[in-house]
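Q: Just to be clear, the model below is a prediction. Sequence and coordinates:
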Amino acid sequence: MTDLFAEFTDALPVPDVDWYPDWLSPERAARALTQLIDEVEWRQDMMGTPAGRVPLPRLTAWQGEPDAVYVYSGIRNVPQAWTPSVAELKSAAESTCDARFNSVLINRYRSGTDSMGWHADREPELGTQPVIASVSLGVARTFDLRHNKTGVVQSFSLKGGSLLVMKGNTQADWRHRVPKEPRVAGERINLTFRWVTPARALADATCVGRPQRQPSHRTRKRIKKRQPPHRARQRAPATPKPHPAFQPTTATARYTKIDIADANHMIGRLTPYTLRYITIHAP
């Protein structure tokens, strides 16, 4: 392993990376390049720009475990099955990095005009401090790392058969790219092995211990408008109580006698209920 930035002073920020320039022998690297060109199912993805959707300046492929679905730049990557050469490189990278990988993004740079812009691999499914093992095959290409706060750029050339491991806070503090190099002739294939947390496990981990979010005042008003108008509760009609004059005179009496004069005075207040308990008599 070579320390890429030993010549820089301690005052400059340094990315947390390990580089193995001769990780593969030249013969094995050349053989792997030929095998990958033939066995990988390459595709031409599209990306959105202010001028509309345009083809990516490279060919890509995504391989891995069935649940290692990965979304970046608006592109949903459903993994293809591991091919033999890719699976062999994966096992070797896991042994060197002492880490596990369940997926790989494969970029094929057909010439020096193919490139990748500034970006960081900070998708939630990769975790906060992902370990990403980058294997280079084919011609050497420039790889730039730019510090987010200071703008310091660390540049170096990755030749075929090398392994670059990005770890720690590299994705949080730095961005990286593969710039265009029109003078470069020949192909380069780059494999970035990583661990992608399945979407279901990621959702479960995100929801654990998180308090339920309460709707805003505006949302509550909107919900209230959608509800039907409030209707007053219908109450059963109360049973009319008879006038005190119509009450039985004794506990055992069933009917009350009243004078006809009193009946004429209260005739408007008589109800079927009260009529059951009175008898009217003339003087």
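A: Happy to help now that I have it. Numbering: from 1, shown residues only.
Q: Please count neighbours and contacts with C-alpha atoms only from this point.
A: Fine.
Q: Pass me the low-pLDDT residue ranges in the protein, would you?
A: By pLDDT under 70, the low-scoring segments of the chain are 1-10, 200-283.
Q: where exactly do the helices run in it?
A: 26-39, 84-97, 170-173, 199-207, 217-226, 260-266, 272-275 (DSSP state H).
Q: Can you get me a residue count around residue 187?
A: Using other CA atoms under 10 Å, residue 187 has 18 neighbouring residues.
Q: same deal with residue 139?
A: 19.
Q: show me what contacts it?
A: Shown in contact with residue 139 (CA atoms under 8 Å, 6 or more residues apart in numbering): 159-160, 185-188.
Q: do residue 59 as well
A: Taking CA under 8 Å, 6+ apart, one finds 42-45, 107-110 in contact with residue 59.
Q: now, the most widely separated pair of those residues?
A: Within these, 45 and 110 form the most distant pair, 14.6 Å apart (CA to CA).
Q: can you give me the strands in the stretch 1-150 of the chain?
A: In the stretch 1-150 of the chain, the strands defined using DSSP state E, counting those that start in this stretch lie at 17-20, 46-49, 52-55, 59-64, 70-72, 75-77, 103-109, 116-119, 132-138, 141-147.
Q: Mind putting these into a markdown table with distance to residue 88?
A: Below are the strands of the stretch 1-150 of the chain laid out as a markdown table (distance: least, CA to CA, whole Å):
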| stretch | distance to residue 88 |
| --- | --- |
| strand 17-20 | 18 |
| strand 46-49 | 29 |
| strand 52-55 | 30 |
| strand 59-64 | 13 |
| strand 70-72 | 22 |
| strand 75-77 | 21 |
| strand 103-109 | 12 |
| strand 116-119 | 26 |
| strand 132-138 | 12 |
| strand 141-147 | 23 |
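Q: Residue 30: which of the ones you listed is closest?
A: Of all the strands of the stretch 1-150 of the chain, strand 132-138 comes closest under CA to CA, at 6.9 Å.
Q: The closest one pairs with which strands?
A: strand 163-166 (antiparallel), strand 188-194 (antiparallel) (DSSP bridges).
Q: what about residue 102, neighbour count?
A: If we define neighbours as other CA under 10 Å, then residue 102 has 18 of them.
Q: And residue 144, by the same measure?
A: 17.
Q: Enumerate every residue touching the closest residue to it other than its chain neighbours.
A: Closest residue to residue 144 apart from its sequence neighbours, by CA to CA, 6 or more residues apart in numbering: residue 155 at 4.5 Å. By CA under 8 Å, 6+ apart, the contact list for residue 155 reads 142-145.
Q: Just among the residues you listed, which is most surrounded?
A: Taking other CA under 10 Å as the neighbour criterion, residue 145 ranks highest of these with 24 neighbours.
Q: Could I get the CA-only coordinates of stretch 169-186 as CSV?
A: Coordinates of each C-alpha in stretch 169-186 appear next as CSV, following Å, rounded to 0.1, in the frame of the first residue of the first chain:
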residue,chain,number,x,y,z
ASN,A,169,-15.5,10.6,6.0
THR,A,170,-14.2,10.7,2.4
GLN,A,171,-17.7,10.8,0.9
ALA,A,172,-18.9,13.4,3.5
ASP,A,173,-15.9,15.7,3.2
TRP,A,174,-14.7,15.2,-0.4
ARG,A,175,-16.1,15.0,-4.0
HIS,A,176,-14.4,13.1,-6.7
ARG,A,177,-14.5,12.9,-10.5
VAL,A,178,-12.9,11.3,-13.6
PRO,A,179,-12.3,14.3,-16.0
LYS,A,180,-12.2,14.2,-19.8
GLU,A,181,-8.8,13.6,-21.3
PRO,A,182,-9.1,13.7,-25.1
ARG,A,183,-5.5,12.7,-25.6
VAL,A,184,-6.0,9.4,-23.8
ALA,A,185,-6.6,6.5,-26.2
GLY,A,186,-7.9,3.1,-25.1
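Q: for stretch 184-201, which positions count as buried?
A: In terms of neighbour count (16 or more other CA atoms under 10 Å), stretch 184-201 has its buried residues at 187-198.
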